[in-house]
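Peer 1: After the sequence you'll find the predicted model.
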Amino acid sequence: MNQIEEFLKLVRGRRSIRKFRQDPLPKEVVRRIIEAASWAPSASNRQDWEFRVVTSASVKEKMQDIVRSRWESVLDKSRSEVIKEELQKYVSMFDWFSHAPALIIISAKRPESFLYHILGDTAGDVAGTEISAAMAAQNLMLAAHASGIGSCCVTGPLAAQEELKELLEIGKGRKIVCLIALGYPAEQPEAPLRKSGERVSKYIE
Ligand SMILES: Cc1cc2nc3c(=O)[nH]c(=O)nc-3n(C[C@H](O)[C@H](O)[C@H](O)COP(=O)(O)O)c2cc1C
């Protein structure tokens with residue numbers, strides 16, 4: 001198999017895993033996965049990402065409680081039953097994350113305030129710290145997959161962004177970009193369909 005075929009096999013074979021065996025992940029394997037993340041490209045090579053690795057059962061439970069109560073208050077405020085039902089379905093999409101043996105919380109540095117003065121709303125786009133962190137997240141998930149470890153990127157919990165930052169001691173100058181749930185897979189989901197490259201591309205020649 002040549003390199004691109006091997007690469008496509010790896011990329012296509014990665015699935016979002018939401019059910020895990022409870023075996024802990026060896027520290028060395030987690031270290032290597034984070035090393036892969038840190039080889040992602042980043043804006044001006046600033047590498048403004050940080051990774052909090054949470055394996056403590058009590059901290060994971062606290063995180064889940066914080067997220068549940070945040071979403072309960074969102075649901076309480078919803079006046080429409082239809083919207084409430086839809087939101088409830090959405091919440092069930094991430095009400096499992098504390099069962100993962102490890103959670104990696106990826107945060108990005110917020111752009112310096114002078115950039116907002118100069119560029120206004122586009123400061124974040126230009127600074128590129130969040131997209132850089134997202135690239136690190138993808139490297140991390142592919143490295144996990146290549147190591148036989150399942151992962152799932154989760155952003156639903158970020159409705160409780162500030163509360164999670166406080167619990168995890170992430171400074172005000174940073175923003176959590178996503179949580180990555182990690183562990184040995186206890187399920188083998190089918191690959192969800194992909195839109196074809198043709199459908200989502202437009203060539204301007
Ligand atoms: C930015 C981002 C946020 C996501 N948030 C959630 C989430 O909150 N809960 C969840 O169960 N899956 C979440 N996912 C996983 C997606 O549902 C999944 O990637 C998609 O269905 C495609 O499946 P695959 O990853 O197996 O190819 C998220 C994925 C990404 C990239």
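Peer 2: Structure received. Just so we're clear, the structure is a prediction, and the values are computed from it rather than from any experiment.
Peer 1: what residues does the chain put near the ligand?
Peer 2: Taking Cβ under 6 Å from any ligand atom as the contact definition, the chain meets the ligand at 15, 16, 18, 93, 94, 152, 153, 154, 155, 156, 178, 192. Using the backbone N, CA and C atoms, a C-beta is placed for each residue, glycine as well.
Peer 1: Would you format the residues you listed as JSON lines with pLDDT included?
Peer 2: Supplementary listing: these in JSON lines, determined by pLDDT from 0 to 100:
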{"residue": "15", "pLDDT": "98"}
{"residue": "16", "pLDDT": "98"}
{"residue": "18", "pLDDT": "97"}
{"residue": "93", "pLDDT": "88"}
{"residue": "94", "pLDDT": "88"}
{"residue": "152", "pLDDT": "98"}
{"residue": "153", "pLDDT": "98"}
{"residue": "154", "pLDDT": "97"}
{"residue": "155", "pLDDT": "97"}
{"residue": "156", "pLDDT": "95"}
{"residue": "178", "pLDDT": "98"}
{"residue": "192", "pLDDT": "97"}
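Peer 1: now the helices for this protein?
Peer 2: 3-13, 27-38, 57-77, 81-92, 113-119, 123-127, 129-146, 161-168 (DSSP state H).
Peer 1: ok, for residue 135, nearest residue in space, not its chain neighbours?
Peer 2: Using Cβ to Cβ, 6 or more residues apart in numbering and skipping residues adjacent in sequence, the residue nearest residue 135 is residue 40, 4.0 Å away.
Peer 1: Pull the contacting residues for that neighbour.
Peer 2: Residues counted as contacts of residue 40 (Cβ atoms under 8 Å, 6 or more residues apart in numbering) are 49, 132, 135, 136, 138, 139.
Peer 1: mind listing what residue 106 touches?
Peer 2: 37, 49-51, 133, 136-137, 140, 176-180.
Peer 1: circling back to that earlier point, most tightly surrounded among the helices of the chain?
Peer 2: Per-stretch averages of neighbours, counted by mean count of other Cβ atoms under 10 Å, single out helix 129-146 among the helices of the chain, with a mean of 21.
Peer 1: now for that one, which elements pack on it?
Peer 2: Taking 3 or more Cβ pairs under 8 Å, 6 or more residues apart in numbering; DSSP states H and E as the contact definition, the neighbouring helices and strands of helix 129-146 are helix 3-13, helix 27-38, strand 49-54, strand 102-109, strand 150-154, strand 174-183.
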